[in-house]
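[1] Dropping a prediction and its sequence here:
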Amino acid sequence: MSKYDWLLFLHVIGAFLLIGGSVTAAALNLSALRRERPSEIALLLGLTRVAVFAIYGGVLLTIVFGLWLVSASPFGYGYGDAWVIAALVLWVYSNAAGGIGGKREDETRKLAERLTAEGDVPSAQLNARLRDPVTLALEYSSGLAIVVILVLMIWKPGA
Amino acid sequence: MTVASLCGPTCGAPLFLHVLGATLLFGALLAVTTLGFASMRVVEHGPLLRRLAFTIMLAGVWPSYILMRVGAQWVLSREGLDENTPGWVGVGFLVSDAGIVVLLVLTLLGWLGRRRPRVSTWFAGLAAVYLVALGVAVFAMSAKPG
C-alpha cells in the first residue's frame, strides 16, 4: 500500500466518523423531540455525547488527512481548486454551526436535568427549547453542508 | 487507484449513493449500538431505549443498507468490476452480503428485546461487532490493499 492509500483510508474513516456521528446525533435529537418527560429527554440528549466524540474524531481526521491528500495526490489536485476551497469553506461553516447548535442543545439538556430533579413533569418551556428554530436551523444546515461536501468529494467539479 | 479515479465523472451518482448509504448505515448502526448498551445501564428507561433502537433498525439501518448495496452494484456493473472482481471488492461483498444475515438477526433481537431485556446484551454486542466489520470494509474500499 502506498502513502496515498493510507492517507485516503484515514481521510475516508474520518468522513465516516463525521457523517456517522452526525446521523447518530440527529437520530437521538429527533427521538428526544418526540418525548414529553424531562428525564427521557435528558437521557437521549445526554447520549449524543457518544456521537460528539465520533464527530470530533471525524473533524480532525478529515481536515488533517484531506489537506495532506491534496498535496500527495497523483491526480494534480491543488489548494486553489474551486472544489477544494468550497469544501474547506463548508467544513468551517459546518463545524461552526454544529458547535453553536450543540452548545444550545446542551443548555436544553441541563434544563431537562433540572426539571427531572424537580418532579419530572412535562414542561412547555422545555418543549419550546427543544423546538427552538435557531438551534434546529443551525444543526440541520450543518448536516446539509456535510452532504454538500460529500457531493464535492465525489464529483470534484472543475478537477 | 481509487474507485472515484477508476470511474471518472460518469461514476458520480452511483458512487455518491454507495458512499452516502454506507455513511448513513454506519451512523444508524452507531445510534442502535449506543441505545443498546445504554438500555443495559439505565434500567429505568430500558424499555424506551430498546424500543427506539428497534425503530432505528427499521427506519434507519435497513434503508441505508439498501442504498449502500444498490449503489455498490451500480458501480460494479458500470465499471465491469463484477466480471473481474478484485480482492478488496470481495471484502466489501463479504461484509455487505453476510451483513444481511447479521441485520436480520439484529432486527429479530431488537424485536424480542422490547419484551425481554436480557436479549439486549446480544443485540448491543452484535451491533458493535458489525460496526467494526463496517470499519474493516471501509479500510478495504478506501485503501484497497493488494
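    Good, I have the coordinates.
[2] other SSEs contacting the lengthiest helix in chain B?
    Using DSSP state H, we find that the single longest helix of chain B is helix B:12-41. If you count contacts as 3 or more CB pairs under 8 Å, 6 or more residues apart in numbering or on different chains; DSSP states H and E, helix B:12-41 packs onto helix A:3-33, helix A:38-72, helix A:133-155, helix B:3-7, helix B:46-56, helix B:62-79, helix B:87-113, helix B:119-143. Placement of C-beta: from N, CA and C, glycine included.
[3] Let me know which of the ones you listed is the nearest to B:Leu35.
    Among the helices and strands packed on helix B:12-41, the nearest to B:Leu35 by CB to CB is helix B:46-56 (4.0 Å).
[4] ok now the closest one, how far from the chain's centre?
    18 Å (CA atoms, centre = their mean, to the nearest Å).
[5] by how many degrees do it and helix B:87-113 diverge?
    Counting by axes from the mean of the first three to the mean of the last three CA atoms, to 10 degrees, helix B:46-56 lies at 140 degrees to helix B:87-113.
[6] buried set for helix B:46-56?
    B:Gly46, B:Leu48, B:Leu49, B:Arg50, B:Arg51, B:Leu52, B:Ala53, B:Phe54, B:Thr55, B:Ile56 (16 or more other CB atoms under 10 Å in any protein chain shown).
[7] Ok, stretch A:10-23 next?
    A:10-23.
[8] of these, closest to chain B?
    A:Val23 (2.5 Å; CB to the nearest CB).
[9] The closest one contacts B:Thr23, doesn't it?
    Yes. A:Val23 sits in contact with B:Thr23 when judged by CB atoms under 8 Å, with a separation of 7.4 Å.
[10] which residues does residue 23 contact?
    Since you didn't name a chain, this refers to chain A. B:Thr23, B:Leu24, B:Phe26, B:Gly27, B:Ala28, B:Leu30, B:Ala31, B:Gly60 (CB atoms under 8 Å, 6 or more residues apart in numbering or on different chains).
[11] nope, chain B please
    Counting by CB under 8 Å, 6+ apart, B:Thr23 touches A:Ala15, A:Phe16, A:Ile19, A:Gly20, A:Val23, A:Leu150.
[12] how close does the residue positioned nearest the centre of chain B get to A:Phe53?
    Centroid-nearest residue in chain B, with CA atoms, centre = their mean: B:Leu25, separated by 4.5 Å. Counting by CB to CB, to the nearest Å, the gap from B:Leu25 to A:Phe53 is 19 Å.
[13] On the three-state scheme, A:Pro122 is what?
    coil (DSSP: H, G, I helix; E, B strand; the rest coil).
[14] what's the answer for A:Ala159, then?
    coil.
[15] was I right about it contacting A:Tyr77?
    Yes. Using CB under 8 Å, A:Ala159 makes contact with A:Tyr77 at a distance of 6.3 Å.
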